[in-house]
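Q: Show me the folded form of this:
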Amino acid sequence: MIVLKVKQTDEGLAIVLNPEAQDLLGAADGQSVGFQVSEDGQLTIGTLDMSFEARRARGRAFLKRYDKTFQALAK
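A: Numbering: from 1, shown residues only. Coordinates of the predicted model:
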């Protein structure tokens, strides 16, 4: 288990990654990290792929998910 510290900053609370956690996540300064909680309460953390292709895929998934809603609103 990796234990991390939480620190107060001007912008809010920050989780400080030790070198072991940085290596495990492949995280770098300024990079985005995402959290996801499953239905059973498991927390998953990972770096986000914010490349153009990844952003386009997320946009398409959003549009596909709400396609019926958008069609109804367009009427």
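
Q: Tell me the bridge partners for the residue nearest to the spatial centre of the chain.
A: By CA atoms, centre = their mean, the chain has its centre lying nearest to G34, at 2.1 Å. Counting by DSSP bridges, G34 is bridged to G46.

Q: Neighbours of D49, how many?
A: Number of residues near D49 (other CB atoms under 10 Å) recorded here: 12. (Each C-beta comes from the backbone N, C-alpha and C, glycine too.)

Q: The residue nearest to the centre of the chain reaches D49, doesn't it?
A: No: judged on CB atoms under 8 Å, G34 makes no contact with D49 at a distance of 9.9 Å.

Q: And the strands in the chain?
A: Taking DSSP state E as the criterion, the chain contains strands spanning 5-9, 12-16, 33-37, 43-47.

Q: any idea where the helices of the protein begin and end?
A: Assigned by DSSP state H, the helices in the chain fall at 19-25, 52-65, 67-74.

Q: Mean neighbour count, the ones you listed: which tops it?
A: helix 19-25 (a mean of 12; mean count of other CB atoms under 10 Å).

Q: as a whole number, average confidence for that one?
A: Per-residue pLDDT over helix 19-25 has a mean of 91.

Q: chain center to it, what's the gap?
A: Its chain's average C-alpha position is 16 Å from that of helix 19-25, according to CA atoms, centre = their mean, to the nearest Å.

Q: Which elements pack onto that helix?
A: strand 43-47 (3 or more CB pairs under 8 Å, 6 or more residues apart in numbering; DSSP states H and E).

Q: Now do the contacts for P19.
A: For P19, the contact set (CB atoms under 8 Å, 6 or more residues apart in numbering) is empty.

Q: Roughly how far does it sit from T47?
A: 16 Å (CB to CB, to the nearest Å).

Q: one step back: lowest mean pLDDT across the helices of the chain, which one is that?
A: helix 52-65 has the lowest average pLDDT among these, namely a mean of 86.

Q: Please enumerate residues in contact with that one?
A: With CB under 8 Å, 6+ apart as the test, helix 52-65 has contacts from 48, 70.
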